[in-house]
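> only geometry, no sequence info:
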DNA sequence: TGTTTAATTATCTAACTGGTTTAATATAGT
DNA sequence: ACTATATTAAACCAGTTAGATAATTAAACA
């Protein structure tokens, strides 16, 4: 699977509040399907499906321990998301610069803010 | 709309390569629907729909200029995405620390890597 | 061996998505 | 007024999604 398809799967997996909540839970450590399902007013098969979506997006990995399938967060795909956003960082930096400039001008100083342009 | 619903819409909008490409194009500046549609082997109404999805997710804003509807990127929602990922940063930092430690141990030095723990 | 526990598979349904084509709207230009 | 351009709306279709319930697999336990 190439980069684009991987991002498709990751973003689609994240576009659901149940799945994001599951990830948030897994950020605190491994958990079984039943443990993950507990907080939700939803059938177990429904959770099972959500986990499959997360697994196929490689946001989690699953192992086997007797009849349990402990789930574990895979941070790599989350890093992919952060990495994808990097290409837009210069835009909000530009905005920030514009704001800083306006503030400086309102203060009537050349640069009274102490705000440099050292954000990359 | 609350935070969760907004993230639903944003992630769903991003889960499509055409829409991500449109955003990438808009990162270089405003553009009309026709200009945005040009690179794609897809009907204009299809692009129009993608733009509506992006607009409803507030990833873009649209204005009016005669018969044109110039589109502009809204960085705020992309910042929301970055912000959402922050809650997982400590996990890959932990991984990074573990790696750095292993490398240091392989080198047999107490800390020969020059790698500090100053990543937040 | 039979029972309980953990999880998945199968099947179904309603709603949504991503595309199409055709038709409509709105503005500009002649 | 007519025509061309830019864009959206309407209607349609195939495929996917998020949920449900019922049935099945697999391992542990008594």
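On my side now, so go ahead. Remember, predicted model here, so these are calculated numbers, not experimental data. Residues are numbered from 1 along each chain as shown, chains lettered A, B, ... in the order given.
> now do the top helix by length along chain A: distance to the chain's middle.
Secondary structure of chain A per DSSP state H: the longest helix is helix A:89-107. Relative to the centre of its chain, helix A:89-107 is centred 27 Å away, using Cα atoms, centre = their mean, to the nearest Å.
> okay, buried residues for it please.
When burial is assessed from 16 or more other Cβ atoms under 10 Å in any protein chain shown, helix A:89-107 yields the following buried residues: A:91-92, A:100, A:104. All C-beta spots, glycine's among them, are computed from the backbone N, C-alpha and C.
> nearest residue to the residue nearest the centre of chain A in space, please, no chain neighbours.
The centroid of chain A falls nearest to residue A:78 when counting by Cα atoms, centre = their mean (5.0 Å). Nearest non-adjacent residue to residue A:78, counting by Cβ to Cβ, 6 or more residues apart in numbering or on different chains: residue B:88, 5.0 Å away.
> tally of neighbours for the one you found?
As a burial measure, residue B:88 scores 19 neighbours (other Cβ atoms under 10 Å in any protein chain shown).
> show me what contacts it?
By Cβ atoms under 8 Å, 6 or more residues apart in numbering or on different chains, residue B:88 lies in contact with A:23, A:27, A:73, A:75, A:78.
> can you pull the poorly scored residue ranges out of chain A?
A:95-96, A:108-120 (pLDDT under 70).
> so stretch A:47-62, near DNA strand C or not?
Yes - contact of stretch A:47-62 with DNA strand C (Cβ under 7 Å from any atom of the strand) involves A:48-49, A:51-52, A:62.
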